[in-house]
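Novice: Have a look at this fold, sequence not included:
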């Protein structure tokens with residue numbers, strides 16, 4: 001699953017044609033591309049993605065942009081429903097949000113609402129989903145996530161993880177029970193300690209970051225970050241000017257599922 005941002009051209013993955021957004025120079029203009037791939041190990045795709053793009057410069061000022069990636073859990077049918085329900089709930093709430101509402105509190109509330117919707121849709125069926133969302137307004141990026149879907153910042157040919165995996169192995173590493181290397185090889189490295197749809201409440205982790213022209217933000221499920229090294233991701237994104245081509249190159253590398261990339265203009 002890919003969403004990518006750079007310049008003034010907006011592109012959505014696969015065969016969806018490009019669209020254009022041209023705002024005044026004071027606004028953050030974004031070029032992005034999306035792509036979802038079923039990968040090599042599964043017959044069905046349990047991931048889901050979506051975005052909200054402002055139609056006018058006023059909407060860019062009052063709301064900004066939103067990008068969301070979710071990775072369903074619980075088998076193809078259940079996982080697909082969970083991820084789609086979560087993403088569509090967050091997108092719908094963002095569109096209806098009051099103008100100028102602080103992004104951090106808005107995303108937290110929307111992800112909690114998505115948790116309730118997934119829980120209700122599952123009706124104790126065991127389905128759940130991860131979710132990572134990134135909202136952009138002016139030069140600020142606010143990230144909210146639950147589970148092990150990630151957001152990366154790629155800047156000057158280097159990549160940095162802006163999220164923290166909510167897995168048993170990572171939690172044990174944070175407590176000092178495992179080393180970083182042991183956590184990467186642990187049998188529970190893919191076992192989620194936090195997800196949407198598994199409880200009445202959920203702890204949503206958020207962070208706020210300043211972005212600069214030329215930066216790239218990458219949202220992805222574990223199908224990407226579990227298959228590619230950090231520097232491989234940074235190299236592909238940094239060396240490929242066209243975002244459609246960049247996301248396709250990442251899919252062509254040994255990956256299993258999805259990613260999303262975003263970048264302000266240079």
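Specialist: Thanks, I have the structure now. Since we're looking at a predicted model, the values are computed, not measured.
Novice: contacts, neighbours, all on C-alpha from now
Specialist: Will do.
Novice: Any regions of the stretch 1-150 of the chain where pLDDT drops low?
Specialist: Applying pLDDT under 70 to the stretch 1-150 of the chain flags residues 1-28, 37-45, 74-77, 124.
Novice: Repeat the analysis, applying 50 as the threshold.
Specialist: Filtered on pLDDT under 50, the stretch 1-150 of the chain yields the residue ranges 1-2, 4, 7-27.
Novice: need the strands for it, in chain order.
Specialist: 9-10, 19-20, 31-36, 47-52, 65-73, 128-137, 140-146, 150-155 (DSSP state E, counting those that start in this stretch).
Novice: What is the last one packed up against?
Specialist: This points to strand 150-155. Counting contacts by 3 or more CA pairs under 8 Å, 6 or more residues apart in numbering; DSSP states H and E, strand 150-155 is packed against strand 158-161, strand 216-220, helix 230-239.
Novice: mind redoing it with 6 Å?
Specialist: strand 158-161, strand 216-220 (3 or more CA pairs under 6 Å, 6 or more residues apart in numbering; DSSP states H and E).
Novice: Tell me which of those sits nearest to residue 54.
Specialist: Comparison of the helices and strands packed on strand 150-155 against residue 54 by CA to CA identifies strand 216-220 as nearest, at 18.3 Å.
Novice: what's the average pLDDT for the helix or strand following the closest one?
Specialist: Downstream of strand 216-220, the first helix or strand assigned by DSSP states H and E is helix 222-225. Helix 222-225 carries an average pLDDT of 76.
Novice: now swap in stretch 165-181 and tell me
Specialist: On average, stretch 165-181 scores 77.
Novice: Could I get the contacting residues of residue 64?
Specialist: 136-137 (CA atoms under 6 Å, 6 or more residues apart in numbering).
Novice: Go ahead and flag the most central residue of the protein.
Specialist: residue 219 (3.4 Å; CA atoms, centre = their mean).
Novice: That one contacts residue 149, doesn't it?
Specialist: No: using CA atoms under 6 Å, residue 219 is not in contact with residue 149, being 7.4 Å away.
Novice: those helices in this protein, which residues are they?
Specialist: Using DSSP state H, the helices of the chain run over residues 57-62, 76-96, 103-122, 168-174, 180-185, 222-225, 230-239, 243-252.
Novice: Residue 31: which of those helices is closest?
Specialist: helix 243-252 (7.9 Å).
Novice: thinking again about what came up before, show me the one of the strands of the stretch 1-150 of the chain that comes nearest residue 209.
Specialist: When the strands of the stretch 1-150 of the chain are compared (using CA to CA), the closest one is strand 140-146, at 5.2 Å.
Novice: So which residues make contact with that closest one?
Specialist: Contacts of strand 140-146 (CA under 6 Å, 6+ apart): 130-135, 195, 204-211.
Novice: Mind checking which of those are buried?
Specialist: Among those, those classed as buried by 16 or more other CA atoms under 10 Å are 130-135, 195, 204-206, 208, 211.
Novice: how near is residue 216 to residue 60?
Specialist: For residue 216, the distance to residue 60 (CA to CA, to the nearest Å) stands at 19 Å.
Novice: Repeat that for residue 142.
Specialist: 15 Å.
Novice: Likewise for residue 218?
Specialist: With CA to CA as the criterion, residue 218 and residue 60 are 20 Å apart.
Novice: Please look at residue 68 and residue 53 and confirm they touch.
Specialist: No: assessed by CA under 6 Å, residue 68 is found out of contact with residue 53, at 11.9 Å.
Novice: the more surrounded of these two?
Specialist: Legend: neighbour count by other CA atoms under 10 Å for residue 68 and residue 53, higher for residue 68 (28 against 16).
Novice: Contact partners for the residue nearest to that one when sequence neighbours are not counted?
Specialist: Distances taken as CA to CA, 6 or more residues apart in numbering put residue 133 closest to residue 68, at 4.3 Å, once the chain neighbours are dropped. If you count contacts by CA under 6 Å, 6+ apart, residue 133 has them with 67-68, 143-144.
Novice: go again using 7 Å as the cut-off
Specialist: Counting by CA atoms under 7 Å, 6 or more residues apart in numbering, residue 133 makes contact with 67-69, 143-145.
Novice: Now tabulate these in JSON lines and tack on distance to residue 229.
Specialist: As requested, those are arranged in JSON lines below (distance: CA to CA, whole Å):
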{"residue": "67", "distance to residue 229": "23"}
{"residue": "68", "distance to residue 229": "22"}
{"residue": "69", "distance to residue 229": "20"}
{"residue": "143", "distance to residue 229": "22"}
{"residue": "144", "distance to residue 229": "23"}
{"residue": "145", "distance to residue 229": "21"}
